[in-house]
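J.: starting from these lines, generate the structure:
(one chain, ligands or ions: 1)
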Amino acid sequence: MAPRRSTRSIVALFVLAAIGVVAARVVLGSADPPAVALTGPIAATGEISREESAFASTAAAAPTRQTRSRWSLADPTTAMIPNGDSVVAAGGMQRSIALTFDDGPSDYTRPVLDALARYNVHATFFVIGKNARAYPATLHAVADAGHELANHTWSHTVLLQLPPGARRDEMLTTSDAIDGQGLGPATLVRPPYGTTDAATNQLARSLGLVPVVWSIDTRDWTGLTAEKIAANVLAGVKPGSIVLLHDGGGDRSATVAALDLIIPALKKRHYRFATVSALLNASPPSSDQLAIGR
Ligand SMILES: [Zn+2]
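T.: As a prediction, this is how the structure comes out:
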């Protein structure tokens with residue numbers, strides 16, 4: 001009986017080892033970002049998109065986290081931004097501006113990416129945490145194209161209506177949604193509606209996030225035509241401008257169309273385009289380009 005038992009034990013060990021190898025391959029293999037472009041419903045409504053399943057498989061694989069973001073602010077830049085303030089615009093020492101897109105990812109994010117790619121322009125996407133979670137493949141597509149991912153809170157609630165612990169959670173969970181996909185850490189946060197105060201800005205800084213608002217509101221969120229959205233940019237732009245646009249939160253087809261008007265017109269005026277962190281690193285804000293919020 002004894003030899004038979006040990007034979008059985010050896011066979012069982014081989015079977016367990018084989019299962020282990022297969023399991024490891026499954027886990028390692030699923031660590032890759034979803035290769036297929038998936039689309040889903042507007043996630044801000046709380047619906048779960050088809051990308052959710054892709055997120056589940058990547059989340060289970062415990063993706064490698066980067067210790068230093070590709071979007072880090074340089075120490076001298078951070079030192080120029082007082083704790084408690086938000087950035088409104090960059091210094092403008094160079095003829096660069098930053099296009100920013102809020103409230104995504106959504107079904108309009110990929111058309112925005114296509115437009116930016118047509119002109120080889122990089123931008124910054126302030127993502128809502130729950131949308132980032134619902135659209136993981138789109139989130140990867142944004143980062144893979146060289147754009148900056150930044151934090152726009154988890155649920156897009158006015159932070160000042162929340163107790164401090166919930167404000168902290170709104171920001172931390174969103175950073176985790178980006179970081180958990182191996183795409184972080186984000187270094188910038190935009191408070192929803194630009195509504196914030198010094199204490200909330202200080203809280204953001206304690207979480208490693210520099211608050212950023214905007215100097216040009218295109219008002220694309222009010223249902224303007226592409227022509228009017230473009231006119232709002234071209235009327236107010238100057239070196240160092242941070243431009244507020246939206247790739248989520250509603251029908252953004254006019255915003256997508258406006259990019260074909262805005263970008264060529266600005267290039268004609270010899271403007272260059274940078275992510276917000278690159279813009280700030282090249283030319284930190286002066287005191288008149290800082291404020292509590294908007
Ligand atoms: Zn927003």
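J.: quick one: neighbours of K130, just the number.
T.: Neighbours of K130 under the rule other Cβ atoms under 10 Å: 18. For the C-beta atoms, the positions are set from N, CA and C on the backbone; glycine is no exception.
J.: remind me which residues of the chain are low pLDDT?
T.: Judged against pLDDT under 70, the low-scoring parts of the chain cover residues 1-68.
J.: domain ranges for it, per the record?
T.: When the chain is parsed with automatic domain parsing, its domains come out as 2-59, 75-291.
J.: quick one: the ones you listed as a markdown table, columns for distance to the ion too.
T.: Rendered in a markdown table, the data for these read as follows (distance: least, Cβ to the ion, whole Å):
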| stretch | distance to the ion |
| --- | --- |
| domain 2-59 | 10 |
| domain 75-291 | 4 |
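J.: dump the ones you listed to JSON lines, plus distance to S69.
T.: As requested, these are arranged in JSON lines below (distance: least, Cβ to Cβ, whole Å):
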{"stretch": "domain 2-59", "distance to S69": "17"}
{"stretch": "domain 75-291", "distance to S69": "5"}
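J.: deepest-packed of the ones you listed, please.
T.: A comparison of those by mean neighbour count, using mean count of other Cβ atoms under 10 Å, puts domain 75-291 on top with a mean of 20.
J.: strands of the protein, start to end?
T.: With DSSP state E, the ranges of strands along the chain come out as 86-87, 96-102, 124-127, 148-151, 188-189, 210-211, 216-217, 242-246, 272-273, 290-291.
J.: just put those strands in CSV and tack on distance to L139.
T.: Converted to CSV, those look like this (distance: least, Cβ to Cβ, whole Å):
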stretch, distance to L139
strand 86-87, 23
strand 96-102, 13
strand 124-127, 7
strand 148-151, 7
strand 188-189, 16
strand 210-211, 21
strand 216-217, 25
strand 242-246, 16
strand 272-273, 21
strand 290-291, 29
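J.: out of those strands, flag the one nearest A231.
T.: Taking Cβ to Cβ as the criterion, A231 comes closest to strand 216-217 out of the strands of the chain, the separation being 11.4 Å.
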